[in-house]
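>>> Coordinates for the following, if possible.
(one chain, ligands or ions: 1)
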Amino acid sequence: SHELMGIHPYNPLEDTYSIYAHPLRNIDELCASIVRSHRETSQCRVEELQALRWKLFSREEIQAYQSKTVDEMWQHCAIQLTDAVQYVVEFAKRIPGFRMLSQNDQIALLKTGSMEVVLVRMSRYFNTENNTVFFDGKFAGAEVFKSLACGDLIAAVFDFAHDMCALKLTEQQIALFTALVLINADRPCLEDRGRVQRVQRNVELGLTHILHRDNQDNLLHKLYQRMAVLRSLCRLHIEKLHWFSQRYPLTAHSLFPPLYKELFASEGELLPGTTH
Ligand SMILES: O=C(O)[C@H]1CC[C@H](C(=O)N2CC[C@](c3ccc(C(F)(C(F)(F)F)C(F)(F)F)cc3)(S(=O)(=O)c3ccc(F)cc3)C2)CC1
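Next comes the predicted model:
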């Protein structure tokens, strides 16, 4: 059974109420519903985080993180990531048309897209003045994550967050962008690519509509470029996870949240000891 709890079981009867049976009154309604879902499924609001932006970790707190063992720090981040992914699953379920997809296609899109959405959401909390990111309730520099022993991934994650901040996206633009990151008909192993394409096209219309309304059509190709960077970041994350689960099989198998394993451990090379 899939750990992605709460995935709405696909009910063919519901299909008759798909967005084609009751086409959205207009793209505005689509955008409004995605923006509302984004706001409702974010763990924190950007305004709240602005108030905290100078709440940094003390030297002692940084030392404490840096003296964690590799597997302790990995487990700590895996738990944070799994929390964030739960909210992304909730966001996905509220994207018009997502729940009309088959359960397998919903899972396939979340398997490859949820980490990418987390990384985009993370960039909203990045402070470009001191290169810190919101983590564990305060703002952390890259040195806090030293004990993860994947400096290249952390550097790439920070660079990406910095790069996204430079675009100065509004929350509405981020909402539509993250919906498009998730609803991607080019993802591997989709059963009904055509159906995903139709949902994707609606979201694309929504994003171009929002950008046109904001007089920022020029952002569209930059956002497509960022999607390519996201894919390489997530490949790096999976590579590091493989490296980690080879070296710390016990932690990866028994201490990582089941949802994390479901999403990020590749089917082929199951984490050792996973029963199937
Ligand atoms: O929902 C919201 O409002 C937000 C969504 C975004 C959330 C967030 O920023 N995150 C949730 C989990 C976060 C996260 C990001 C990246 C990773 C990794 F890639 C690696 F650790 F290697 F970088 C891994 F997977 F390989 F381990 C693990 C976990 S984190 O907060 O633990 C964090 C870790 C490292 C950072 F350098 C910056 C942040 C990011 C915070 C809450």
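>>> Going by C-alpha atoms from here, please, whenever you check contacts or count neighbours.
Fine.
>>> Just the buried positions in the longest helix seen in the chain, please.
Determined from DSSP state H, the single longest helix within the chain is helix 219-247. Residues of helix 219-247 classed as buried by neighbour count (16 or more other Cα atoms under 10 Å): 219-220, 223, 226-227, 230-231, 233-234, 236-237, 240-242, 244-245.
>>> Pull the most distant pair out of the residues you listed.
219 and 245 (38.3 Å; Cα to Cα).
>>> Quick check: residue 253 vs the ligand, distance?
The gap separating residue 253 from the ligand is 15 Å, by Cα to the nearest ligand atom, to the nearest Å.
>>> actually residue 41, not the one I typed
Residue 41 sits 7 Å away from the ligand, going by Cα to the nearest ligand atom.
>>> I figured that residue hits residue 85, correct?
No: counting by Cα atoms under 8 Å, residue 41 stays clear of residue 85, with 10.2 Å between them.
>>> Which one's more surrounded, the two?
residue 85 (23 against 19; other Cα atoms under 10 Å).
>>> so where's the protein shaky on pLDDT?
Regions of the chain meeting the criterion pLDDT under 70 cover residues 1-25, 266-276.
>>> in what helix or strand does the residue in the stretch 101-250 of the chain that the ligand sits nearest to lie?
Nearest residue of the stretch 101-250 of the chain to the ligand (Cα to the nearest ligand atom) works out as residue 122 at 3.7 Å. For residue 122, the host element (DSSP states H and E) is helix 103-123.
>>> Just name whatever secondary elements that helix is in contact with.
helix 70-93, strand 133-135, helix 151-166, helix 171-182, helix 219-247, helix 258-264 (3 or more Cα pairs under 8 Å, 6 or more residues apart in numbering; DSSP states H and E).
>>> what's the next secondary structure element after the longest one?
Per DSSP H and E, the first helix or strand lying C-terminal to helix 219-247 is helix 249-250.
>>> Hmm, residue 133 is touching residue 119, no?
No: judged on Cα under 8 Å, residue 133 makes no contact with residue 119 at a distance of 11.1 Å.
>>> between these two, which one's more packed in?
The neighbour count for residue 133 versus residue 119, taken as other Cα under 10 Å, is higher for residue 133 (24 against 21).
>>> which residues touch the more buried one?
Taking Cα atoms under 8 Å, 6 or more residues apart in numbering, we find residue 133 in contact with 122, 123, 125, 126, 127, 139, 140, 141, 158.
>>> Likewise for residue 85?
Neighbours of residue 85 in contact, by Cα under 8 Å, 6+ apart: 114, 115, 118.
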